[in-house]
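Q: can you look at this prediction? I've put the sequence above it.
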Amino acid sequence: MQRIAVIGAGAWGTALATVARRAGRDVVLYAHEPQTAATINANHENRVFLPDIALDPAITATDDLVRATDGADAILMVTPAQYLRSTLTAMRAAAGVPLVICAKGIELDTGKLMNEVAEEAAPEAALAVLSGPTFAAEVARGLPTAVTLASASADTTAVLAGALGTPSFRPYTASDLVGAEVGGALKNVIEIACGIVEGRTLGQNARAAIIARGLAEIARFASALGADPRTLMGLSGLGDLTLTCTSTASRNYSLGAALGNGASYAEAIAGKDSVAEGATTAPAVLTRAAALGVEMPICAAVTAILYDGASVEETITEILARPLRAED
């Protein structure tokens, strides 16, 4: 497995390109914007999405999707979640080539997980999910990072882990693809809630409560989809949740903090180049949860604040007024 195609030249895609190159692979990085590809090739830096980090000159960027995937031994899908289907349809992944879903989200129109989208758009690909506690800049700098690499095929995870693993980037393999994906997607919504707590200066106790009850919410949803709840105790669940719910470096957390400070959703995202995936995951997960009969009060509260004009203050009051119940 020598040639790795990375589809999506945002911060995370660019960081994963450095991971693959550091592991000794030949890397092609696809950028939707021609100017981004040109800048990376000329300056060996992604100045828009991952500035001030030097990229190996051997990383080749292109805005040609066919060129990026032609002859690839594995394809890392790092597009925003809502564009995964259209990108896969345009790309037409070759049969049997491992397709690693690195986007964290749920499709808004259908409520489907990214692996379900990929199964429809690229039915002959060998699917895997890469998820875990990862700030792109730290990964790109080679700081120690551990992730979950999940697939129904042990052979697929083994060969991918061997192709991407280095002393500073450790993929732990798993078979629970759905659990790994649910943890990565839903933690984005819980991040927004924790950011709101920060913006309203409600204290660290409140944030810890949101993290814990958010994890319970994620586990309920995952269990309803047939995932193993123990997966949520690992890197793609608790690990990712802990990292991103406690740092302003997180896009979703920063969005929540702006909302907590009184900004509208439109004001909070104005001028941002990057995507806060939790903003679209929140309503999408409620659609799927309703069909599954799963109650998700934190996700519902975030959705109401983002899209229904709900007052942050009143929404917090309503959550605190919910009936007391057994923790389990």
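A: Noted; the coordinates are in hand.
Q: drop to CA atoms for contacts and neighbour counts, all remaining ones
A: Fine.
Q: which single helix of the protein contains the most residues?
A: helix 177-199 (DSSP state H).
Q: for the helix or strand just after that helix, buried residues please.
A: Downstream of helix 177-199, the first helix or strand assigned by DSSP states H and E is helix 204-224. Neighbour-count burial for helix 204-224 flags 207, 210-223 (criterion: 16 or more other C-alpha atoms under 10 Å).
Q: which residues in the stretch 1-150 of the chain form helices?
A: Secondary structure of the stretch 1-150 of the chain, counting by DSSP state H, counting those that start in this stretch: helices at 11-22, 34-43, 65-69, 84-91, 114-121, 136-140.
Q: of these, flag the one that's most buried.
A: Burial of the helices of the stretch 1-150 of the chain is given as mean neighbour count (mean count of other C-alpha atoms under 10 Å); helix 11-22 ranks first at a mean of 25.
Q: list the buried residues for stretch 239-249?
A: 239-246, 248.
Q: who touches it?
A: Residues from elsewhere that reach stretch 239-249 (C-alpha atoms under 8 Å, 6 or more residues apart in numbering): 132-134, 183-184, 187, 190-191, 194-195, 211, 215, 233, 250, 253-254.
Q: one step back: tell me the one of the buried residues of helix 204-224 nearest A122?
A: A222 (23.4 Å; C-alpha to C-alpha).
Q: dump the residue contacts of that closest one.
A: Going by C-alpha under 8 Å, 6+ apart, A222 touches 178-179, 182-183, 228-229.
Q: again, but for L127
A: Contacts for L127 (C-alpha under 8 Å, 6+ apart) come out as 98-101, 115, 118-119, 151-152.
Q: farthest pair in the buried residues of stretch 239-249?
A: The widest separation within the buried residues of stretch 239-249 (C-alpha to C-alpha) is 16.4 Å, between G239 and T248.
Q: what about stretch 233-240, how long is it end to end?
A: Start-to-end span of stretch 233-240 (C-alpha to C-alpha, to the nearest Å) is 10 Å.
Q: actually stretch 268-277, sorry about that
A: End-to-end distance for stretch 268-277, by C-alpha to C-alpha: 14 Å.
Q: I'd like the average pLDDT over that stretch.
A: Mean per-residue pLDDT for stretch 268-277: 85.
Q: got it, and stretch 319-328?
A: 86.
Q: T315 versus Y253, what's the distance?
A: For Y253, the distance to T315 - C-alpha to C-alpha - is 18 Å.
Q: then T173?
A: Using C-alpha to C-alpha, T173 is found at 39 Å from T315.
Q: P171 now?
A: Counting by C-alpha to C-alpha, the gap from P171 to T315 is 39 Å.
Q: which one's more surrounded, the two?
A: The neighbour count for P171 versus T315, taken as other C-alpha atoms under 10 Å, is higher for P171 (24 against 17).
Q: which residues does the residue sitting nearest the centre point of the chain contact?
A: The centroid of the chain falls nearest to K104 when counting by C-alpha atoms, centre = their mean (2.6 Å). Contacts of K104 were listed using C-alpha under 8 Å, 6+ apart, and they are 80-81, 114, 131, 181, 184-185, 277.
Q: among those, which one has the most neighbours?
A: E181 leads those on contacts (other C-alpha under 10 Å) with 32 neighbours.
Q: correct me, but that residue touches A128?
A: No - look at E181 against A128 with C-alpha atoms under 8 Å: they stay out of range, at 9.7 Å.
Q: what sits against the residue nearest to L215 when sequence neighbours are not counted?
A: Closest residue to L215 apart from its sequence neighbours, by C-alpha to C-alpha, 6 or more residues apart in numbering: L238 at 7.3 Å. Neighbouring residues of L238 by C-alpha under 8 Å, 6+ apart: 183, 215, 232.
Q: how about Y307?
A: Y307 touches Y265, counting by C-alpha under 8 Å, 6+ apart.
Q: how far away is it from A266?
A: 10 Å.
Q: one more: G132?
A: For G132, the distance to A266 equals 29 Å [C-alpha to C-alpha].
Q: OK, contacts around the residue nearest to L186 when sequence neighbours are not counted?
A: Once flanking residues are discounted, L186 sits nearest to I218: 6.4 Å by C-alpha to C-alpha, 6+ apart. When the contact criterion is C-alpha under 8 Å, 6+ apart, the partners of I218 are 182-183, 186-187, 232.
Q: go through those and name the one nearest A23.
A: Within these, proximity to A23 (C-alpha to C-alpha) peaks at G183, which comes in at 26.4 Å.
Q: next, count neighbours for the closest one.
A: Around G183 there are 31 residues (other C-alpha under 10 Å).
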